[in-house]
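Chemist: My questions are about this predicted structure, shown below with the sequence.
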Amino acid sequence: MWETAISLLGGVNTISTVGECYNNVCGIFKKNKNNQHFDRVVEHLGGIRTQVERLSDTILYAPNLQAVLDMGNTRTQQIRDLRDVREQLEPVQRAIGTEILSSAVILTPERMQQALIRDPWEVLCDIRPVNLFKADKLPPEGVPVLFEHQNIKYLGWQLRGTLPILFNCRYDELWVPESGRKTPHLVSSASVSADWVVSPGGKCSTINTALQQAKAGDRIVVKTGLYRENLVINKTVELIAEGSPVIESSGDVNCIWMQVDYAVVRGFTLQCRAKVEDNRVAVYVSQGQLVLEHCDITSDSLSCVEVGGKGSHVILRGCKIHDSKGSCGVFIDDQATGQLEDCEIFGNAYAGVAIKTEGNPVIRRCQIHDGKSAGVLVYENGSGTLEDCEIFGNAYSGVQIREGGNPVIRRCTIKNNAYQAVWVHDNGRGTVENCDLRGNQGGAWKIDSTWLRPSKVQQRGNKESWKFW
């Protein structure tokens, strides 16, 4: 039976941002165990006057064969150099491990482009770096998608039957062997396959045992229970909660220490029980990219999440980050980056989010509230972008910028803070635009600027009010 296709995002353009990787899409067919099917496809294409180029020993390219069609736009994309196409297809071929045939590159369906520009993780399932992609774990009707982000190529998937509904496009196999076509059916994306299962009293009763035995790319499913252990993640794995497992560290250790290029932690309660004087954190990312989704994170010591060092990157999505007793909710330092999306950050001893020393995260749709200091602190040449966030109820200013801090703040609501919405001092800089700065006890702004330490903020389109005192 003909094994179905892969959609490749990225096309032949140079990719430097998340948005740029969604300009083009093409279909890719892989060779199955019965080589005759693949050879007959190539022969059939010749019969309908479709040119087939062999780009390498394992990659064939049909420049006028289209597999994904936008119902409202069927203009084709010009291909100027087949070496660019080969460069894009080579990582996919290596991930699949067999010969592939790619169709022509065409314009991405508009709805798909818009959805993916917002966030590929919202519209694709089971996203992994391309070198860790496992084709045998795809649902029968899953269509993998390749994209590039932060200079890392990823593969995720979406159900073939879902593509037309979500993105107003038609997905065609274009040619089916004589054995016939199976009727597409929906497969639940909620089902989770596992390489290792951890449960209290089970064959594997600790997460560390599974980590020690796991191979790169494995998925570890952890069932409900209290796991008193600290984790050093030094393999590219996924830790997936089933139910409501709690990981609790005690003593002079971090709850999770990230020491690998890529890992995923999803659905856990993470509790650091070290003392403040132990100087530990719940999650420490010292290298690579850690994806934390739908986790509840607290710390009795310092920050709940700390990211430090050039190349270190955290993705926090749908997490609750709260009640750090000795520091911040999230601390991003020393050229580290991150994406914080749809998180609630509250009740921390210092800033909800602190950005320092060329740290540069993107923070979207987060609630940062009821902290015992500023909501967001950007200092010592930190930067970052905040968009569509709510910052309220903090004991000091909603946002404090100082010592070369230079954030961009857009479309945020900063209200009900005990001092100003935005306090800029000691050579602070930044851009604040289209924000609602009303309802703070100290008013919208406090900008302290001196000849020796000038502070300057670009202000555009903000709603402001006078201070109450």
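Modeler: Thanks, I have it.

Chemist: As a check, name the ranges of all helices in the stretch 151-300 of the chain.
Modeler: Along the stretch 151-300 of the chain, counting by DSSP state H, counting those that start in this stretch, helices occupy 163-167, 207-213.

Chemist: Likewise for the stretch 351-469 of the chain?
Modeler: Counting by DSSP H, counting those that start in this stretch, the stretch 351-469 of the chain contains no helices.

Chemist: just checking, residue 152 touches residue 127?
Modeler: No. Assessed by Cβ atoms under 8 Å, residue 152 is found out of contact with residue 127, at 10.5 Å. (Each C-beta comes from the backbone N, C-alpha and C, glycine too.)

Chemist: average model confidence for stretch 377-390?
Modeler: If you average the pLDDT over stretch 377-390, you get 96.

Chemist: got the end-to-end distance for that stretch?
Modeler: Stretch 377-390 has an end-to-end distance of 15 Å (Cα to Cα, to the nearest Å).

Chemist: which residues touch residue 464?
Modeler: By Cβ atoms under 8 Å, 6 or more residues apart in numbering, the contact set of residue 464 is 437, 438, 443, 444, 445.

Chemist: scratch that, residue 224
Modeler: Counted by Cβ under 8 Å, 6+ apart, residue 224 has contacts 199, 242, 243, 244, 245.

Chemist: Report the two of these separated the most.
Modeler: Maximum pairwise distance among those (Cβ to Cβ): 12.7 Å, between 199 and 244.

Chemist: Neighbour count: those two, which is higher?
Modeler: Just comparing residue 199 and residue 244: by other Cβ atoms under 10 Å the higher neighbour count belongs to residue 199, 17 against 12.

Chemist: what about the more buried one, distance to residue 281?
Modeler: 27 Å (Cβ to Cβ, to the nearest Å).

Chemist: One more: residue 341?
Modeler: Counting by Cβ to Cβ, the gap from residue 341 to residue 281 is 21 Å.

Chemist: Compare the two (neighbour count), which wins?
Modeler: Comparing residue 341 with residue 281 by other Cβ under 10 Å, the one with more neighbours is residue 281, at 28 against 22.

Chemist: can you give me phi and psi for the more buried one?
Modeler: Backbone geometry at residue 281, expressed as degrees, to the nearest 10, gives phi -130, psi 170.

Chemist: my guess is it meets residue 303, correct?
Modeler: Yes. Taking contacts as Cβ under 8 Å, residue 281 lies within contact range of residue 303: 4.8 Å.

Chemist: what residues are shared contacts of the two?
Modeler: Shared contacts of residue 281 and residue 303, counting by Cβ under 8 Å, 6+ apart, come down to 327, 331.

Chemist: Now do the strands for the stretch 101-250 of the chain: every range, in order, please.
Modeler: 106-107, 125-129, 142-149, 152-159, 169-171, 196-198, 219-223, 226-227, 231-233, 238-242, 246-249 (DSSP state E, counting those that start in this stretch).

Chemist: Compute the first-to-last residue distance for stretch 234-245.
Modeler: OK, stretch 234-245 end separation, Cα to Cα: 21 Å.

Chemist: So which bits of that stretch are buried?
Modeler: 235, 236, 237, 238, 239, 240, 241, 245 (16 or more other Cβ atoms under 10 Å).

Chemist: And the helices of the stretch 151-300 of the chain, which one averages the lowest pLDDT?
Modeler: Looking at the helices of the stretch 151-300 of the chain, the weakest mean confidence is helix 163-167, a mean of 65.

Chemist: residues in contact with residue 390?
Modeler: 366, 367, 368, 369, 412, 413, 415.

Chemist: and with 10 Å instead?
Modeler: 344, 365-369, 375, 398, 412-416, 436 (Cβ atoms under 10 Å, 6 or more residues apart in numbering).

Chemist: which among the residues you listed end up buried?
Modeler: Counted by 16+ other Cβ under 10 Å, these give 344, 366-369, 375, 398, 412-416, 436 as buried.

Chemist: tell me how far the ends of stretch 243-256 are from each other?
Modeler: 20 Å.
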